[in-house]
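K.L.:
this one's structure only:
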C-alpha cells in the first residue's frame, strides 16, 4: 500500500486532519501546524512520517524549541530522530509508546556504541497527539536544546529555521527492555537513514501558547 493512501487511512483512524501528499498539515489534537515528510523504510511501501513545528520567525543563528511528531508502523519498538543528520555527535530524540503514553529521551553518541543520556537537551512527550491504533502509533514531543549543539570539539551547529535541514532517523522493531522508563536501554537499530526537512514551512505564530496548552 502506498503511504499517500495509507496516510489517509491513518488520518481517519487517528483523527488527524491531513491532505494526501500534503507538505504541511494542521493537527487538530495539538493545534500545531507541522511541516511533514514521509520517509520510506522498506523496499516495499512502508513509511515513517516525521513532522516538525517551530516558532514562527525564529531568528537565524540562535537556538529555538521544536515539536516533533512521529507516525510509525505499529511493529516498530522505538524510533529515533537525529537533529544533526548523523548518528554521532548530535542530539538524538528517542521515543516509543508505553500503552497510551509516550516515552521520550534525549541521547547522544560520540562513537558507534549505544547512545547515552544527553543533559544539554530536554524532551517531553505531549499527552495530546500521542496515540495508536491497530496499524500505527503516533508520538508528539517537545525538544529543547535540539536545534543548536556542539558537534565535536568546539564546533557549534545551528539548524536553519528558514530553510531545509538534514535530519536522520533510526528504528528498531524491539521495544526497550524497561518500556516505562526514558532511561531504558535500547537495542541496536534495524535501519537508519536520512532526509531533508523543510523548516521554513514549520512555523507557528502561537508556538509558546500551543506548547503550554499541550503540556
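P.N.:
In hand now; what should we look at? Owing to the predicted nature of the structure, the values given are computational and were not obtained by experimental measurement.

K.L.:
So residue 143 belongs to a strand, correct?
P.N.:
Yes - Residue 143 forms part of a strand when assessed by DSSP: H, G, I helix; E, B strand; the rest coil.

K.L.:
For it, list the residues it contacts.
P.N.:
65-68, 83, 91, 93, 106, 121-123 (Cβ atoms under 8 Å, 6 or more residues apart in numbering). C-beta: built from backbone N, CA, C; applies to glycine.

K.L.:
try 10 Å this time
P.N.:
52, 65-68, 81, 83, 91, 93, 104, 106, 121-124 (Cβ atoms under 10 Å, 6 or more residues apart in numbering).

K.L.:
which ones among those residues are found in strands?
P.N.:
52, 66-68, 81, 93, 104, 106, 122-124 (DSSP state E).

K.L.:
Now which of these would you call buried?
P.N.:
For these, a neighbour count by 16 or more other Cβ atoms under 10 Å gives the buried set as 52, 66-68, 81, 93, 104, 106, 123-124.

K.L.:
what's the closest of these to residue 38?
P.N.:
Nearest to residue 38 among those is residue 52, at 13.2 Å by Cβ to Cβ.

K.L.:
just to revisit the earlier point, can you pick out the most distant pair from the contacts of residue 143?
P.N.:
Greatest spatial distance among the contacts of residue 143 (Cβ to Cβ): 52 and 122, at 17.1 Å.

K.L.:
picking that back up, could you dump the ones in strands among the contacts of residue 143 to JSON lines with pLDDT and distance to residue 211?
P.N.:
As requested, the ones in strands among the contacts of residue 143 are exported to JSON lines (pLDDT from 0 to 100; distance: Cβ to Cβ, whole Å):
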{"residue": "52", "pLDDT": "98", "distance to residue 211": "14"}
{"residue": "66", "pLDDT": "98", "distance to residue 211": "10"}
{"residue": "67", "pLDDT": "98", "distance to residue 211": "7"}
{"residue": "68", "pLDDT": "98", "distance to residue 211": "13"}
{"residue": "81", "pLDDT": "98", "distance to residue 211": "18"}
{"residue": "93", "pLDDT": "98", "distance to residue 211": "16"}
{"residue": "104", "pLDDT": "98", "distance to residue 211": "14"}
{"residue": "106", "pLDDT": "97", "distance to residue 211": "17"}
{"residue": "122", "pLDDT": "97", "distance to residue 211": "12"}
{"residue": "123", "pLDDT": "98", "distance to residue 211": "12"}
{"residue": "124", "pLDDT": "97", "distance to residue 211": "9"}
